[in-house]
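# What follows is a predicted structure for the sequence shown.
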Amino acid sequence: MKKHLIIALSLVLFAACTKDEIEGPELQDIFGEFAVIQGLSSDRTTVDFGAGETVRFNAELTIRTDWTLHILGESSGAKKEIKGRERVINQDIAKWNGTISFAPLFGEEDCITYMTFENHPDTLIGPTITVTGVKPEDNVDILISDFETNTGWGTFAEAAATNQNVSGSYFVQDPVNVGQFLSVNAPQGTRHWRMTANNMNSVFICGANTTAAGSQDSEADTYFSIGTNNPENVYINLLLYGLGDGNTRCSIGFQEDDNLDGIYDRFTEGTYNTTIAVDWQGWKVVSIPLSDFQLSTVGGFGNNDATGQQDIGRIISMEVLLLAVEGTSGQIGYGMDYLNFTYFAPWTP
């Protein structure tokens, strides 16, 4: 009896120690040869996004590897990128509902599709997708600025530039004019904001800020009219243009009036910020939850928080900065348009 009990207990312990899944990369993915088993295909070649239709893609590889599915509007130039790391790319992994990754928006047009791989030179050419109905406009919960009219933005005392005037199709803040921007059109409306510099050896180049009351938040008085106190449920969204230089950084910060006296005191009240590496070319949709913002670490510039926590219901103003990687000597800059807040999910135009 005792012997049978020991054997049964051993079997239970052995079963408890076994794992259903292997952790880490499989040997096939490490040592296997990359090849395409099934090319890139889709479940439809004509789609009406206005009617709620989607396009779902399929492909199959011999190994697991980083891939990017590219969708390019032939007339608009709009771009959508879907990324993953799977051997079997099925319709639940790679599906498109008409949204963009890079502005402008898709129109009723033909779109080419292809797939590239980070560690392999192969390119899979997919079917041409004809869009017969565009995706409905994606609503925002709070519009901060669309830069179409007087924006209410002002410079810092430390800013390297004070020229913030309407110039053609954009609002401009240029310490030194960067010619690449002369042909850049607004991705939404007719105007956008840009900050640029050339041969600047400082990490901080220039910046601008706006108050909640001076923004286009129609319900704002002293503070942005954010309807929740949970920063995980609120996203700051914008269209951001990159020159592809790799050295440009965009910093966004929110100043809190922690004691609710209607004034932001940089020495006692918090600024929460984040920095974006603008390392792409063209207009891109950027969405960041406010929970990703961290308390400023710059002494005397919002690094003290009177309440000891992030209070998004007390945001009285916001700032955007043009920064550069240390030691940068070439041209840097970014364009910015349609700043907004959304609740519970990123903005998906």
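On my side now, so go ahead.
# looking at it, residue 245 is touching residue 325, isn't it?
No: Residue 245 is not in contact with residue 325 according to Cβ atoms under 8 Å; the separation is 9.4 Å. The way it works is simple: take the backbone N, C-alpha and C, and place the C-beta from them, glycine included.
# These two: which has the busier surroundings?
residue 245 (19 against 13; other Cβ atoms under 10 Å).
# Contact partners for that one?
330, 331, 332 (Cβ atoms under 8 Å, 6 or more residues apart in numbering).
# Also residue 33?
Applying Cβ under 8 Å, 6+ apart, one finds that residue 33 lies in contact with 62, 63.
# Please apply the same query to residue 41.
Neighbour list for residue 41: 57, 58, 59, 126, 127 [criterion: Cβ under 8 Å, 6+ apart].
# From residue 222, how far out is it?
55 Å (Cβ to Cβ, to the nearest Å).
# next one: residue 125
According to Cβ to Cβ, residue 125 and residue 222 sit 55 Å apart.
# So the two - more neighbours on which side?
The neighbour count for residue 125 versus residue 222, taken as other Cβ under 10 Å, is higher for residue 222 (16 against 11).
# nearest spatial neighbour of the more buried one, skipping sequence neighbours?
Spatial nearest neighbour of residue 222, excluding adjacent residues (Cβ to Cβ, 6 or more residues apart in numbering): residue 262 at 5.5 Å.
# what's the distance between the one you found and residue 80?
With the distance defined as Cβ to Cβ, residue 262 ends up 44 Å from residue 80.
# Specify which residue of the two has the higher count of neighbours.
When residue 262 and residue 80 are compared for neighbours, residue 80 comes out ahead with 20 against 11, by other Cβ under 10 Å.
# quick one: the closest residue to that one other than its chain neighbours and residue 254, what's the gap?
Leaving aside its chain neighbours, residue 80 sits nearest to residue 71 (4.1 Å; criterion: Cβ to Cβ, 6+ apart). Counting by Cβ to Cβ, the gap from residue 71 to residue 254 is 34 Å.
# What mean pLDDT does the host helix or strand of residue 83 get?
Here residue 83 sits within strand 79-84, counting by DSSP states H and E. Here strand 79-84 scores 96 as its mean pLDDT.
# can you give me the mean pLDDT across whichever helix or strand comes after it?
Note on strand 79-84: by DSSP H and E, the next helix or strand toward the C-terminus is strand 88-89. Strand 88-89 carries an average pLDDT of 96.
# And for strand 88-89, what's in contact with it?
Residues from elsewhere that reach strand 88-89 (Cβ under 8 Å, 6+ apart): 57, 58, 59, 60, 61, 67, 69.
# hmm, who's touching the strand holding residue 83?
57, 66-73, 93-96, 99-102, 106, 282.
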